[in-house]
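Trainee: Quick check, what structure comes out for this input:
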Amino acid sequence: MEVVVPSSAPAGASGQAPGGRWVVPLIVLVVGMFATVLDTTIVNVAIPAIQKDLGASSDDVEWIVTAYTLALGMVVPLCGWLGDRIGLSRLYAFALAGFAVTSALCGLAWDLPSLVAFRILQAIPGGVLPVISLTMLYRIVPPAKIGSAMGMYGLGVVVAPAIGPTLGGWLLEHTTWPAIFFINLPIGLLGAVAAMLVFPSIRPTTWPKFDFWGFITIAYGLFAILLASSEGQSWGWTGYRVLLLFVSGALSLALFVVIELEVETPLLDVRVFKSWSYTNSLLLIIVVSIGLNAVLFYLPQYMQEGQGLTALNAGLTLLPEAFALVIMMPIAGKLYDLIGARWPAVAGLLISAYGTYLLTDLTPATTRMEIMVWTSLRALGVALAMMPIMTAGLSALPPESTGAGSAWSNVGQRVAGSLGLAGLGALVSSQQNQLLSDRSALLPAGDTGSVPGLQQLVDQGVTGLYGLYQQLQVQVLASAYADVFLVATVLTAAVVLLALMLPSRTSPAVEQPPPANADVVAIEFSEFSESVEPTALDTVEPAVLDTVEPPARAAGENRAHVPVAAGAGRGV
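Mentor: Numbers count the residues shown, from 1 in each chain. Okay, the predicted model is just below:
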């Protein structure tokens with residue numbers, strides 16, 4: 001790799017690879033993102049098998065998911081600081097390799113406590129990868145190609161959760177539950193090697209100060225809120241433990257905002273919310289994520305519990321949804337590049353709302369084909385809306401704020417996803433109890449003859465009444481889940497007004513002049529980039545660098561300029 005210092009560089013240059021050289025690094029980013037997101041839905045499918053094999057109770061086995069979520073909430077705020085200290089490329093490779101190794105440890109777990117402990121370790125690299133992947137995307141992709149790149153990136157964000165139930169069901173049917181973790185080992189290790197080869201690497205020359213109190217306040221705040229939302233159903237939403245966690249978590253997050261506005265090097269820059277375009281896009285992403293999680297969580301449950309399908313067949317029913325996402329994601333990226341975010345987002349949200357509304361007709365008689373059609377239509381809308389919304393928000397931020405914007409986006413999705421499922425879970429529980437009570441009240445006391453067929457079931461004894469009870473449970477379950485989809489429909493339709501406020505044409509991020517005394521480094525991108533040794537920058541006096549003339553550009557040679565600001569310590 002060649003290091004030169006040109007006499008001038010474009011303001012705000014951020015290391016975009018010229019030409020089509022960004023495609024291979026982007027594929028590596030998508031692979032890592034795909035693996036981490038896929039792991040979440042696969043584990044959800046495997047929970048019953050893990051519970052049976054390890055002999056755990058239903059409440060205890062839920063900690064496999066809860067512990068991972070809590071650890072994620074504490075790790076995500078650290079990503080920006082770690083990227084500054086280690087370098088984004090190096091951090092990505094380490095995180096992907098760490099995710100592979102900790103996934104293998106989860107597969108080797110011998111009991112529930114060991115599995116929960118390994119899941120906490122797995123959440124550390126699992127929380128880092130989504131944040132820095134999005135930050136790196138904006139560093140390596142030219143602004144004119146951001147929409148297309150985000151369309152490819154969306155394959156990891158949205159397609160992975162959709163394909164997870166199918167892959168998880170297949171693995172459980174043909175192997176045992178540890179296979180859902182072992183599958184990450186070859187993918188992660190190969191992806192880490194590829195990252196070391198294709199990503200340029202610059203070791204930061206300065207290390208930003210760690211915002212200790214900022215980390216303590218946001219880590220506790222997210223931990224408390226996520227724990228309360230995860231355990232609210234079993235502990236009781238009005239219990240003192242849940243209320244104390246919610247109140248203390250909210251106060252801790254408020255204190256975090258005060259601290260971040262005062263410190264010189266904030267852990268997470270809260271000033272990104274001054275941009276209405278970014279804040280608006282984050283609100284839209286949160287609502288879309290809640291609806292997506294609701295469908296992917298409750299629909300497979302209903303097909304298995306209510307219709308008696310296996311995990312594999314339930315996953316296969318949702319497979320057309322994944323295909324719809326794969327087809328529409330690149331199209332959505334191209335549309336963003338052509339016409340901006342507003343109209344793809346509006347159209348996508350309306351289609352998604354209509355597809356979700358169709359799911360409110362869910363009954364015990366609903367066929368698999370109907371579910372395939374409804375979910376596929378909904379997926380087309382989600383794919384059309386999601387990436388333009390996310391891209392518009394991050395593109396509205398200056399380049400140096402992309403990392404903070406990416407981190408806040410992941411925090412928002414995690415917290416909203418947990419709170420959304422917790423709230424919808426409370427709705428399902430209350431609706432089931434109410435519907436069972438209502439249907440029981442319809443039966444006349446002591447007069448079985450007034451209901452056709454009821455006396456015959458009574459005469460059959462326990463067998464007949466148990467069959468009636470099962471039918472009633474399925475009907476109640478379908479009605480409760482239909483109510484969940486109705487709530488998701490209303491939320492999705494309501495935020496169409498926010499989508500109308502998105503920009504109708506693409507606009508590049510605000511260009512910022514390079515900091516004073518910044519050393520601009522030209523990095524030659526190749527398919528197998530080399531790393532800049534620390535001595536290449538650390539041992540050369542700035543005065544000497546200022547006198548170096550850039551060498552003549554060879555025919556066909558491509559360079560991208562990355563500002564390495566003194567005191568900023570940011571490296572790709």
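Trainee: Just the buried residues of stretch 238-247, please?
Mentor: Residues 242, 245-246 are the ones in stretch 238-247 that count as buried (16 or more other CB atoms under 10 Å). (Glycine included, C-beta is placed from N, CA and C.)
Trainee: Same check on stretch 302-321?
Mentor: 302-304, 306-307, 309, 311-321.
Trainee: among those, which are in helices?
Mentor: 302-304, 311-317, 319-321 (DSSP state H).
Trainee: of all these, which comes closest to residue 140?
Mentor: Nearest to residue 140 among these: residue 321, at 30.0 Å, using CB to CB.
Trainee: if I read this right, the closest one contacts residue 162, doesn't it?
Mentor: Yes: under the criterion of CB atoms under 8 Å, residue 321 makes contact with residue 162 at 5.2 Å.
Trainee: Where do the helices of the stretch 301-450 of the chain begin and end?
Mentor: Along the stretch 301-450 of the chain, the stretches classed as helices by DSSP state H, counting those that start in this stretch are 311-317, 319-339, 342-358, 368-395, 402-441.
Trainee: Likewise for the stretch 51-200 of the chain?
Mentor: Under DSSP H, counting those that start in this stretch, the stretch 51-200 of the chain gives helices at 58-61, 63-75, 79-86, 88-107, 112-140, 146-154, 160-174, 179-182, 184-198.
Trainee: and the host helix or strand of residue 498, what does it pack onto?
Mentor: Assigned by DSSP states H and E, residue 498 belongs to helix 496-499. Applying 3 or more CB pairs under 8 Å, 6 or more residues apart in numbering; DSSP states H and E, we find helix 496-499 packed against helix 276-305, helix 342-358.
Trainee: let's see 10 Å
Mentor: Helices and strands touching helix 496-499, by 3 or more CB pairs under 10 Å, 6 or more residues apart in numbering; DSSP states H and E, are helix 276-305, helix 342-358, helix 368-395.
Trainee: Identify the residues contacting it?
Mentor: 279-281, 283-284, 287, 341-350, 352-353, 385, 388-389, 392 (CB atoms under 10 Å, 6 or more residues apart in numbering).
Trainee: returning to what we had before: go through the helices of the stretch 51-200 of the chain and name the closest to residue 368.
Mentor: Of all the helices of the stretch 51-200 of the chain, helix 160-174 comes closest under CB to CB, at 13.2 Å.
Trainee: Only alpha carbons, please: show the closest one as CSV.
Mentor: This file holds the C-alpha atoms of helix 160-174, laid out as CSV (Å, rounded to 0.1, in the frame of the first residue of the first chain):
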residue,chain,number,x,y,z
ALA,A,160,-31.3,-12.8,7.6
PRO,A,161,-34.2,-12.6,10.1
ALA,A,162,-36.6,-13.8,7.4
ILE,A,163,-34.5,-16.8,6.4
GLY,A,164,-33.6,-17.7,10.0
PRO,A,165,-36.7,-19.8,10.8
THR,A,166,-36.3,-21.9,7.7
LEU,A,167,-32.6,-22.6,8.2
GLY,A,168,-33.1,-23.2,11.9
GLY,A,169,-35.9,-25.6,11.3
TRP,A,170,-33.9,-27.5,8.8
LEU,A,171,-30.9,-27.8,11.1
LEU,A,172,-33.1,-28.9,14.0
GLU,A,173,-34.8,-31.6,11.9
HIS,A,174,-31.6,-33.1,10.5
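Trainee: Now do it: which elements does it pack against?
Mentor: Checking 3+ CB pairs under 10 Å, 6+ apart, helix 160-174 ends up next to helix 23-54, helix 179-182, helix 276-305, helix 311-317, helix 319-339, helix 368-395.
Trainee: can you put the ones you listed in a markdown table and add mean pLDDT and distance to residue 128?
Mentor: Shown next, in a markdown table, are the helices and strands packed on helix 160-174 (pLDDT from 0 to 100; distance: least, CB to CB, whole Å):
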| stretch | mean pLDDT | distance to residue 128 |
| --- | --- | --- |
| helix 23-54 | 82 | 9 |
| helix 179-182 | 90 | 18 |
| helix 276-305 | 86 | 20 |
| helix 311-317 | 83 | 28 |
| helix 319-339 | 86 | 24 |
| helix 368-395 | 90 | 18 |
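Trainee: Need the winner for burial among these.
Mentor: helix 368-395 (a mean of 25; mean count of other CB atoms under 10 Å).
Trainee: end-to-end on stretch 308-322?
Mentor: The first and final residues of stretch 308-322 sit 22 Å from each other (CA to CA, to the nearest Å).
Trainee: ditto for stretch 194-207
Mentor: Terminal-residue distance, stretch 194-207 (CA to CA): 26 Å.
Trainee: In the stretch 401-550 of the chain, where is pLDDT below threshold?
Mentor: 438-470, 505-550 (pLDDT under 70).
Trainee: quick one on the thing from earlier: may I see the helices and strands packed on helix 496-499 arranged in JSON lines, with distance to residue 256 as well?
Mentor: Formatted as JSON lines, the helices and strands packed on helix 496-499 follow (distance: least, CB to CB, whole Å):
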{"stretch": "helix 276-305", "distance to residue 256": "17"}
{"stretch": "helix 342-358", "distance to residue 256": "30"}
{"stretch": "helix 368-395", "distance to residue 256": "21"}
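Trainee: right, and these - which one's nearest residue 428?
Mentor: helix 276-305 (7.4 Å).
Trainee: Residue 155 reaches residue 325, doesn't it?
Mentor: Yes: contact criterion CB atoms under 10 Å: residue 155 and residue 325 qualify, at 7.7 Å.
Trainee: which residues do the two both contact?
Mentor: The contact lists of residue 155 and residue 325 share 163, 383, where a contact means CB under 10 Å, 6+ apart.
Trainee: quick revisit: to residue 295, which of the helices of the stretch 51-200 of the chain lies closest?
Mentor: helix 160-174 (9.3 Å).
Trainee: could you check the angle helix 319-339 makes with the closest one?
Mentor: Helix 160-174 and helix 319-339 are oriented at 160 degrees to each other (axes from the mean of the first three to the mean of the last three CA atoms, to 10 degrees).
Trainee: Report the buried residues of helix 160-174.
Mentor: 160-172.
Trainee: Just name the closest of those to residue 32, please.
Mentor: For those, the nearest to residue 32 is residue 160 (11.0 Å; CB to CB).
Trainee: looking at it, that closest one is touching residue 129, isn't it?
Mentor: No: using CB under 10 Å, residue 160 is not in contact with residue 129; the gap is 12.0 Å.
Trainee: Next, show the common contact partners of those two.
Mentor: With CB under 10 Å, 6+ apart, residue 160 and residue 129 have common neighbours 33, 35-37.
Trainee: which regions of the stretch 101-250 of the chain lie under the pLDDT threshold?
Mentor: In the stretch 101-250 of the chain, residues with pLDDT under 70: 201-206.
Trainee: follow-up on the earlier one: which stretch among the helices of the stretch 51-200 of the chain comes nearest residue 362?
Mentor: helix 160-174 (16.9 Å).
Trainee: Specify the angle between that closest one and helix 146-154 in degrees.
Mentor: Using the same axes, to 10 degrees, helix 160-174 lies at 20 degrees relative to helix 146-154.
Trainee: and the ones in helices among the buried residues of stretch 302-321, which two are the farthest apart?
Mentor: 304 and 320 (18.1 Å).
Trainee: thinking again about what came up before, so can I have a markdown table of the ones in helices among the buried residues of stretch 302-321 showing distance to residue 28?
Mentor: A markdown table is the format used below for these (distance: CB to CB, whole Å):
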| residue | distance to residue 28 |
| --- | --- |
| 302 | 37 |
| 303 | 35 |
| 304 | 35 |
| 311 | 31 |
| 312 | 30 |
| 313 | 34 |
| 314 | 32 |
| 315 | 27 |
| 316 | 29 |
| 317 | 32 |
| 319 | 26 |
| 320 | 28 |
| 321 | 26 |
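Trainee: Return the member of those nearest to residue 41.
Mentor: Distances from residue 41 to those, taken by CB to CB, are shortest for residue 315, at 9.4 Å.
Trainee: Spatially nearest residue to the closest one (excluding sequence neighbours)?
Mentor: residue 166 (3.3 Å; CB to CB, 6 or more residues apart in numbering).
Trainee: before we move on, the earlier item: for the helix holding residue 498, list the C-alpha coordinates in CSV.
Mentor: Extracted in CSV, the C-alpha atoms of helix 496-499 (Å, rounded to 0.1, in the frame of the first residue of the first chain):
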residue,chain,number,x,y,z
VAL,A,496,-46.6,7.3,6.6
LEU,A,497,-47.0,11.0,7.6
LEU,A,498,-43.4,11.0,8.9
ALA,A,499,-42.2,9.3,5.6
